[in-house]
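1. After the sequence you'll find the predicted model.
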Amino acid sequence: MVPQKINWFKYSSPATFYFLAGKMIPWFAGAAVAFFAWGLYLGFFAAPTDAQQGEAYRIIFLHVPAAWMSMFIYVVMAGWAGLGLVLNTRLSSMMASALAPTGAMFTFLALWSGALWGKPTWGAYWVWDARLTSELILLFLYIGFMSLQATIEDPRRADRAGAVLALVGVVNVPIIYFSVRWWNTLHQGASVSLTQAPAMAAVMLQGMLVMALACWMYSIAVVLARVRCIILERERHSAWVAEFLEGERQ
Amino acid sequence: MLSLLRWVIARDLTLAIRRRADVLTTLFFFVIVVTLFPLGVGPEMDTLRRMGAGVLWVAALLASMLSLGRLFAADHLDGTLEQFLLIPQSLSVVVLGKIIAHWLVSGVPLVLMAPIVGLQYGLSPTALLALLASLLLGTPILSAIGAIGAALTLGLRGGGVLVSLLVLPLYVPVLIFGAGAVDAAVSGLGAEAHLSLLGALLLLALVLSPWTAAVALRISIE
């Protein structure tokens, strides 16, 4: 018996992937809800009050996962976009477009929750710390990617132009990150250091990791749902969409 | 290859000389932006001296970005760009030539003007020298990165506003090291570290961006 190989390329066709995504969404959405419930329970009830920061520290259960996701999604988005540019697969580019709004949302969430945490802890909503600044620039990069794709009407050109921009961004992000860090350290003595976290209670760490998992599941579910919409929109002239919509109507 | 490069530069410079108004507009934009800052923040020399390098650099960034639209737009309108795509030599060389010409037309006048404007901010001779060096190294990077943005937005509605959204975040390192060089020179640390980093960025940009912009041009034209 030769083990049967899965033909992965089958799923790179939008028509096949549309239905596969439809089957996967409920699982990821369910997992997201479960992890969120568990993570929020750990964050609000199980984790003890922090000795120095009081209750305000609890925002890290959302803030840290959001910051992780914002950076990770950009890399994944650029990866899909690059794949679409090189292999000319439509689905990869659609995935990249579907990832961008979620990434931008997490970037915004990280900035916003960070500001709310910063007020009671540092006494200011915003400081020109290296991390804050590079996160803000990341938000600009997301917005640039989305507005470039929104402005170009031809979807193929939009995909490929967006891919070039995303890849240029990936090359530039480390440079930006380090330049901002040096800029900050050169100008003023670091008044706030995020790099040395005090030894964290195990339950806090656990809550944060569970929330990170929840954000992962949420991202996957939302991106799959969004890519389904994009597939329908882009493929609306194809036979299978017509058949599928006909079937839905009955 | 070199003859092609020379030819593209000479051609773009000739075109620029025949339309001098464009060059002067960019230069005066730079001067006006720099002049507006003291009106906004007040004329105290101490404040201005500390802000000077940053203000000049931001103004240079904006002025360089403003002229990006001209990089490919005219050639795109009259069909020259399509002929460039068809020539048997590498398109990257053509783009590199256009980047160099763009820098000569919009970057070099800014560099020459900057020390004069810098005097209005009370910058010391050391600071002016560092400013000159950093602008000399930095403005070509702006043209090179900007070429990618200009190529991506070629022929789009509202391309001028869009290009600023795409390009300005990518300019951040140039701004930081450029303005940082002047600050370091003033505080006695020496500007070499920043200038070296700017030089490294310049080499990286000159190698990668003509190629990237050429890819972007092919995407935009097809």
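-> Cool, got the structure. Residues are numbered from 1 along each chain as shown, chains lettered A, B, ... in the order given.

2. Can you give me the neighbour number for residue A:121?
-> 16 (other Cβ atoms under 10 Å in any protein chain shown). C-beta here means a position set from N, CA and C on the backbone, and glycine is covered the same way.

3. Repeat that for residue A:248.
-> Residue A:248, neighbours per other Cβ under 10 Å, totals 7.

4. Likewise for residue B:187?
-> 9.

5. try residue A:15
-> Neighbour number of residue A:15 under other Cβ under 10 Å is 14.

6. I'd assumed residue A:239 was in contact with it.
-> No. Using Cβ atoms under 8 Å, residue A:15 makes no contact with residue A:239, being 9.2 Å away.

7. Please name the residues that touch the nearest residue to residue A:183 once chain neighbours are set aside.
-> Distances taken as Cβ to Cβ, 6 or more residues apart in numbering or on different chains put residue B:176 closest to residue A:183, at 4.3 Å, once the chain neighbours are dropped. Residue B:176 sits next to A:179, A:180, A:182, A:183 when contact means Cβ atoms under 8 Å, 6 or more residues apart in numbering or on different chains.

8. can you put those in a markdown table and add distance to residue A:83, secondary structure and neighbour count?
-> Output for the contacts of residue B:176, formatted as a markdown table (distance: Cβ to Cβ, whole Å; DSSP: H, G, I helix; E, B strand; the rest coil; neighbours: other Cβ atoms under 10 Å in any protein chain shown):
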| residue | distance to residue A:83 | secondary structure | neighbour count |
| --- | --- | --- | --- |
| A:179 | 29 | helix | 24 |
| A:180 | 29 | helix | 23 |
| A:182 | 33 | helix | 18 |
| A:183 | 34 | helix | 20 |
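
9. Show me which pair in these is furthest apart.
-> A:180 and A:182 (7.5 Å; Cβ to Cβ).

10. Output the helix or strand hosting residue A:138 as PDB, restricted to C-alpha atoms.
-> Taking DSSP states H and E as the definition, residue A:138 sits inside helix A:130-151. This file holds the C-alpha atoms of helix A:130-151, laid out as PDB (Å, rounded to 0.1, in the frame of the first residue of the first chain):
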ATOM      1  CA  ALA A 130      11.100  53.100  20.800                       C
ATOM      2  CA  ARG A 131       8.500  50.400  21.000                       C
ATOM      3  CA  LEU A 132       5.600  52.700  20.800                       C
ATOM      4  CA  THR A 133       7.100  54.600  17.900                       C
ATOM      5  CA  SER A 134       7.900  51.500  15.800                       C
ATOM      6  CA  GLU A 135       4.400  50.100  16.500                       C
ATOM      7  CA  LEU A 136       2.900  53.400  15.300                       C
ATOM      8  CA  ILE A 137       5.000  53.200  12.100                       C
ATOM      9  CA  LEU A 138       3.800  49.600  11.700                       C
ATOM     10  CA  LEU A 139       0.300  50.900  11.700                       C
ATOM     11  CA  PHE A 140       1.200  53.400   9.000                       C
ATOM     12  CA  LEU A 141       2.600  50.600   6.900                       C
ATOM     13  CA  TYR A 142      -0.600  48.600   7.200                       C
ATOM     14  CA  ILE A 143      -2.600  51.700   6.200                       C
ATOM     15  CA  GLY A 144      -0.400  52.300   3.300                       C
ATOM     16  CA  PHE A 145      -0.800  48.700   2.100                       C
ATOM     17  CA  MET A 146      -4.600  48.800   2.400                       C
ATOM     18  CA  SER A 147      -5.000  52.200   0.800                       C
ATOM     19  CA  LEU A 148      -2.700  51.200  -2.100                       C
ATOM     20  CA  GLN A 149      -4.800  48.100  -2.700                       C
ATOM     21  CA  ALA A 150      -8.000  50.100  -2.400                       C
ATOM     22  CA  THR A 151      -7.000  52.800  -4.900                       C
END
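
11. Say whether chain B is contacted by that helix.
-> Yes. Counting by Cβ under 8 Å from any Cβ of the partner chain, contacts between helix A:130-151 and chain B involve A:137, A:140, A:141, A:143, A:144, A:147, A:148, A:151.

12. neighbours around the fourth one, how many?
-> Neighbour count of residue A:143, defined by other Cβ under 10 Å: 17.

13. Surely it touches residue A:104?
-> Yes. Here residue A:143 reaches residue A:104: they are 6.6 Å apart, a contact under Cβ under 8 Å.

14. ok, residue A:153 - how many residues close by?
-> 9.

15. pLDDT score for it?
-> Per-residue pLDDT puts residue A:153 at 86.

16. Could you do residue A:198 as well?
-> 50.

17. Please report how far residue B:66 lies from residue B:100.
-> 19 Å (Cβ to Cβ, to the nearest Å).
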